[in-house]
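Undergrad: here is a sequence with its predicted model. Questions after.
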Amino acid sequence: MLNQTYTADVLVVGGGTGGTAAAIQAARRGAKTILVSEFPWLGGMLTSAGVSVPDGNELEAFQTGLWGAFLQELRHRQPEGLDNSWVSFFSYDPRIGAEIFADWVQELPNLHWISGQVPIEVFRQGDSITGVRFADFAVTAKIILDGTELGDLLALAEIPYRWGWELQSEWGEPSAPVTFNPLTQKYPVQAPTYVVIMQDFGEAIAPEIPAAPNYHPSQFTGAWDGYGAETFLNYGRLPGDRFMINWPICGNDYGQGVGRLIESDVSRGEFIQESRWHSQNFAHFIQNQLGRRYGLAEKVFPHTSTAFALHPYYRESRRLVGLTTVREQDILPIARGRVASIFNDASFCDRKVSPTGEAIAVGNYANDHHYPGVQFPLQPKSIRWGGRWTGTPFTIPYSSLIPATTNGFLVCEKNISVSHIANGATRLQPVVMGIGQAAGMAAAMCVELNCQPRDLPVRTLQTALLEDNRSKALIIPLFNLPPNRSDWQHWQLYYLDNPQAYPVSGDCPFPSGNEYPDSAFDKALIRESNCFKGIFYRLSQQEYRFTVTAPAAYQGQNWQLVTLRSHIDEQLRAYPHEQLVTLWGRHNHSGNWLLVEHLNGG
């Protein structure tokens, strides 16, 4: 029986990465917002799923919006810094991430957060979604957003969605299969991972990790072959001698019967239990192989088994059938270019707006699919930049958030209208956070303008994102346009107005009086860095080594040089081979690199 019915402008169901961002942005815009989450932590993949070593949007120019604000908060709150692992430049205690989102929600009096609830029923009036029922209350709202991990509202509302693979004949995607096959049948979606946090107890003996049901050590044999144990552990190193275990090679990805996730509550529960047991068995294997100094971390997540995330890391969910579908072609670099087109005209043949006017979020991750025991080749979308590999940037169109035939509704998670193949790049935490921010802004503006999401002028939404007074968000990806440049907004608007001029290089053609950033943020990065002197070696155009001459404690060590900053990238590309150089940066032991923040001559 319903005890209460709440009324709001905007309802966000699901407190994951996208849902949390959507609720915060909608409330900051002024909408009366209700956020209902299943778990006691907000942030989803970034926190409650334990993926506190996120990938993508790592270059300084792409650290904008709520994603950039989240990174800045992490830097303030985690004294050990973020550069601890080798798989990402950002690793942090998930408790700190959860605190940040909770604080952002707490400061907004027009945002009401209710945790521990899942949707049971969706209310409709004709073609419009009007509300959602939970166990003992209901919420009606003008705009409702699905921010659930698996697109549960799509199913409850009977909004058309996709689950599984599309063949090459569907959209001509180069990496899609020509016919359905044993792989597509066994793994209809990418495998989730139940993240577990382990800890190095040093001289102490860690408590024994018991084996869970169905333990077969052969499943994990060879997990770190070719890497070594230390490198394997440092993949997801966290502060405090802890390690995020989210390892795809003979590791804890789990996909047995993954279709059960959307069959019933009971079958979903069975899959989740099995995936958690699988991670427990991997941790048991690690302890048996590497010794009792390694055990389960203590007091991380807010439930009894504190080393295990609150829920699996889902890489794929139900995917909306939207006004536009993002395909593999839309995320791949254009011919002889380092960027994807702002968006592909062919997808918009039935749209009245210019396709280049649709961008509302940016990603750059190199497409990546997870199927246990299977190497699945994908079209490459990687480039070398800043002395390392990164992904070519792409954009997400607003119309991929809008159902084809339903009003009053937006999606804001991995559940956007995207192909199974392209989901391997659009699913990453930073781009989902950008999608959520855009969806929340759109929902609030629909309330202001009393219009449906499909009728919201996209340019009005883009301008609001670019001008947001708290967390201005990137629309057009440009490698050399960091958000602290005074002309940042000018160039964003210029390429929105002149999409045909968007450079294939991804670099702005700045005038000769180039402006290098000199903000408080930059000075803070340099101030927190250490000074090193040594010899610079160019191994190739985007591969650099550095032999340390000072300080004495590091003398003779050889490090890779990398940067996330465009003007440092430019300096490294021009610096003479075998010259003395003075650098300011942070040494990463896990990756044996120096992350360069400032560069002088000898």
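TA: Structure received.
Undergrad: so what's the closest residue in space to Leu42 that isn't next to it in sequence up against?
TA: Of all residues beyond its chain neighbours, the one nearest Leu42 is Phe101 (4.0 Å), with distances taken as CB to CB, 6 or more residues apart in numbering. The C-beta positions use only the backbone N, C-alpha and C, and glycine is treated the same way. Applying CB atoms under 8 Å, 6 or more residues apart in numbering to Phe101 gives the contacts 20, 24, 41-43, 47.
Undergrad: most neighbours among those, which one?
TA: Thr20 (34 neighbours; other CB atoms under 10 Å).
Undergrad: what's the closest non-adjacent residue to Gln219?
TA: Cys250 is the one closest to Gln219 (CB to CB, 6+ apart), at 6.8 Å.
Undergrad: check contacts around that neighbour.
TA: So Cys250 contacts 219-223, 373 (CB under 8 Å, 6+ apart).
Undergrad: any of these buried? List them.
TA: For the contacts of Cys250, a burial check counting by 16 or more other CB atoms under 10 Å picks out 219-220, 223.
Undergrad: and which of those is nearest Leu74?
TA: Taking CB to CB as the measure, Leu74 lies nearest Ala223 of the buried ones among the contacts of Cys250, at 28.8 Å.
Undergrad: name the SS class of the residue nearest to Leu42, please.
TA: helix (DSSP: H, G, I helix; E, B strand; the rest coil).
Undergrad: how near is it to Gly44?
TA: Going from Phe101 to Gly44 by CB to CB, to the nearest Å gives 9 Å.
Undergrad: which neighbours do the two have in common?
TA: Common neighbours of Phe101 and Gly44, using CB under 8 Å, 6+ apart, are Thr20.
Undergrad: give me phi/psi at the spatially closest residue to Arg545 that is not a sequence neighbour?
TA: Closest residue to Arg545 apart from its sequence neighbours, by CB to CB, 6+ apart: Tyr537 at 4.3 Å. Here the main-chain torsion angles of Tyr537 (degrees, to the nearest 10) amount to phi -120, psi 130.
Undergrad: what does the one 3 residues further on give?
TA: Taking degrees, to the nearest 10, you get phi -160, psi -180 for the backbone angles of Ser540.
Undergrad: which ones are touching the closest residue to Glu328 other than its chain neighbours?
TA: In space, Glu328 comes closest to Glu173 once its chain neighbours are excluded; the distance is 3.9 Å by CB to CB, 6+ apart. For Glu173, the contacting residues are 166, 327-329, 419, 421-422, by CB under 8 Å, 6+ apart.
Undergrad: ok, the most centrally placed residue in the chain - contacts?
TA: Nearest residue to the geometric centre of the chain (CA atoms, centre = their mean): Gln429, 1.4 Å. Gln429 makes contact with 17, 45-46, 51, 54-56, according to CB under 8 Å, 6+ apart.
Undergrad: so who does Asp127 touch?
TA: Contacts of Asp127 (CB under 8 Å, 6+ apart): 405-407.
Undergrad: can you check which helix is longest in this protein?
TA: helix 265-290 (DSSP state H).
Undergrad: check the gap between the closest residue in space to Arg29 that isn't next to it in sequence and Ala438 for me.
TA: Counting by CB to CB, 6+ apart, Ala444 is the residue found nearest to Arg29 once chain neighbours are left out, at 3.6 Å. Note on Ala444: its distance to Ala438, by CB to CB, is 11 Å.
Undergrad: identify the contacts common to these two.
TA: Common contacts of Ala444 and Ala438 (CB under 8 Å, 6+ apart): Gln25.
Undergrad: more neighbours, these two?
TA: Counted by other CB under 10 Å, Ala444 and Ala438 do not tie: Ala438 has more neighbours, with 29 against 25.
Undergrad: still on that earlier bit, and which of the contacts of Phe101 is nearest to Gln273?
TA: Of all the contacts of Phe101, Gln273 sits closest to Trp41, with 20.1 Å by CB to CB.
Undergrad: show me where pLDDT drops low in the stretch 301-450 of the chain?
TA: Within the stretch 301-450 of the chain, the segments meeting pLDDT under 70 span 343-356.
Undergrad: Ile435 sits in which helix or strand?
TA: helix 429-449 (DSSP states H and E).
Undergrad: just to revisit the earlier point, list the buried residues in the longest helix of the chain.
TA: 271-272, 274-287, 290.
Undergrad: just the ones in strands from the contacts of Cys250, please.
TA: Members of the contacts of Cys250 lying in strands (criterion: DSSP state E): none.
Undergrad: which among those residues gets closest to Ser317?
TA: Gly373 (22.6 Å).
Undergrad: that closest one and Gln289, how far apart?
TA: From Gly373 over to Gln289 the distance is 19 Å, taken as CB to CB.
Undergrad: go on, Tyr554?
TA: As judged by CB to CB, Tyr554 and Gln289 stand 32 Å apart.
Undergrad: what of Gly30?
TA: On the measure of CB to CB, Gly30 and Gln289 end up 55 Å apart.
Undergrad: what's the span of stretch 313-322, first residue to last?
TA: Length of stretch 313-322, first residue to last, CA to CA, to the nearest Å: 24 Å.
Undergrad: for stretch 83-91, same thing?
TA: OK, stretch 83-91 end separation, CA to CA: 6 Å.
Undergrad: give me the nearest residue to the residue nearest to the centre of the chain, chain neighbours excluded.
TA: Residue nearest to Gln429 in three dimensions, not counting chain neighbours: Pro54, with 4.1 Å by CB to CB, 6+ apart.
Undergrad: quick check: what element follows the longest helix of the chain along the chain?
TA: Following helix 265-290 toward the C-terminus (DSSP H and E): strand 294-296.
Undergrad: which secondary structure elements does that next one sit against?
TA: Using 3 or more CB pairs under 8 Å, 6 or more residues apart in numbering; DSSP states H and E, the elements in contact with strand 294-296 are strand 196-200, helix 265-290.
Undergrad: direction included, what does the first helix or strand past that strand going along the chain pair against?
TA: The helix or strand immediately downstream of strand 294-296 is strand 319-320, counting by DSSP H and E. Strand 319-320 has the following strand partners under DSSP bridges: strand 161-162 (antiparallel).
Undergrad: now the helix or strand just after the partner strand - C-alpha only, PDB.
TA: Next helix or strand after strand 161-162 toward the C-terminus (DSSP H and E): helix 168-171. What follows is helix 168-171, C-alpha atoms only, in PDB (Å, rounded to 0.1, in the frame of the first residue of the first chain):
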ATOM      1  CA  GLN A 168      26.900  -5.900 -39.700                       C
ATOM      2  CA  SER A 169      23.800  -5.800 -41.900                       C
ATOM      3  CA  GLU A 170      22.100  -3.500 -39.400                       C
ATOM      4  CA  TRP A 171      24.300  -0.400 -39.600                       C
END
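Undergrad: can you give the distance of helix 168-171 from its chain's centre?
TA: From the chain centre to the centre of helix 168-171 is a distance of 27 Å (CA atoms, centre = their mean, to the nearest Å).
Undergrad: same thing with stretch 556-570?
TA: Between the centre of stretch 556-570 and the centre of its chain there are 24 Å (CA atoms, centre = their mean).
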